[in-house]
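Trainee: generate a structure from the sequence data that follows.
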Amino acid sequence: MFTKMNSAALGAALMLFAGTVNADAGLVVYSDFGSWSTAASSYTSLSIPAPSPAPDDYTGSQYFGTGTASVTYSGVTFSTSASLGNGYFFNIGPGFEIFPGIPASNGALPVLSSQQQDFGVANILITLAAPVNAFALNFDTFSGSNVTFTLSNGETPITLGSGGNEYNLKGFFGVVGNNPFNTILLTSSDPVLNLNELKLGAAIAPIPEPATWIMLLLGFAGISLFGARRSARRAPAV
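Mentor: The predicted structure is shown next:
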């Protein structure tokens, strides 16, 4: 026997339908901080701290590992993957010496640096504590190769050119969209990929999975059916 669905159940049904449609997220990419900050409206900043200690052979840097390695700052995790390449992962600080006694010639430091070795691509995965719909950072490479940014929300990867400015990062990547994400993967065929100065949009509550909406819908429908049966039992006889 069919019963009329109450407004709450109907609303759940509509949300279920909306949750199964991959709508256009309207992702916009920005190449300068001013335009991005206007669109993002609210954000927090995360600067890469100076390395401490410096266990590698060169002054002013911190070595995290080769292949798979990671570090976490202020709840944001940065990692490299051996499945993508066997590069070294460093925090390069302002006192870094390219060779012993020879300091770096430019100074937009510290930076996180993936430095590729024999195979694969330079890579840095950024994992946020919560999903956001606005994000930005500074980046650059050594040889001026392209850098690809892949978001966890399923958007088409974004590829941008770099200036090859070594540790003086002049590239800017910023995005604002409707579809939240919590990871950003940077990859490049360049032997050295660097980033710093992150900007994080306001955290967004995760959208329930379609299975969750189905459970809610069944619950609302059950409540509606139970209410209709109680009303029928209480109705006076004609």
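
Trainee: identify the residues contacting Gly26.
Mentor: 177-178 (C-beta atoms under 8 Å, 6 or more residues apart in numbering). Yep, even glycine has a C-beta here, placed from its N, CA and C like the rest.

Trainee: from here on, count from 45
Mentor: In the new count, where the first residue is 45, that last one comes out as Gly70.

Trainee: quick one: secondary structure of it?
Mentor: coil (DSSP: H, G, I helix; E, B strand; the rest coil).

Trainee: ok, now how distant is Ala126 from Ser232?
Mentor: Going from Ala126 to Ser232 by C-beta to C-beta, to the nearest Å gives 17 Å.

Trainee: correction: Tyr107
Mentor: If you go by C-beta to C-beta, the gap between Tyr107 and Ser232 works out to 20 Å.

Trainee: same deal with Gln106?
Mentor: 21 Å.

Trainee: next one: Glu210
Mentor: Using C-beta to C-beta, we find Glu210 at a distance of 14 Å from Ser232.

Trainee: more neighbours, these two?
Mentor: The residue with more neighbours, out of Glu210 and Ser232, is Ser232; 26 against 20, by other C-beta atoms under 10 Å.

Trainee: check contacts around that one.
Mentor: Ser232 neighbours (C-beta under 8 Å, 6+ apart): 165-167, 185, 189-192, 206.

Trainee: got the buried residues for the lengthiest strand in the chain?
Mentor: As assigned by DSSP state E, the longest strand anywhere in the chain is strand 166-185. Buried positions in strand 166-185, judged by neighbour count with 16 or more other C-beta atoms under 10 Å: 166-172, 175-185.

Trainee: tell me the helices and strands packed up against it.
Mentor: helix 77-84, strand 120-124, strand 155-159, strand 215-232, strand 236-245 (3 or more C-beta pairs under 8 Å, 6 or more residues apart in numbering; DSSP states H and E).

Trainee: what angle separates that strand from strand 120-124?
Mentor: In terms of direction (axes from the mean of the first three to the mean of the last three C-alpha atoms, to 10 degrees), strand 166-185 departs from strand 120-124 by 110 degrees.

Trainee: how close does the closest residue to Leu230 other than its chain neighbours get to Leu71?
Mentor: Nearest-residue entry for Leu230: Ile168, 4.8 Å, with adjacent residues in sequence omitted and distances by C-beta to C-beta, 6 or more residues apart in numbering. Plainly put, Ile168 is 20 Å away from Leu71 if you go by C-beta to C-beta.
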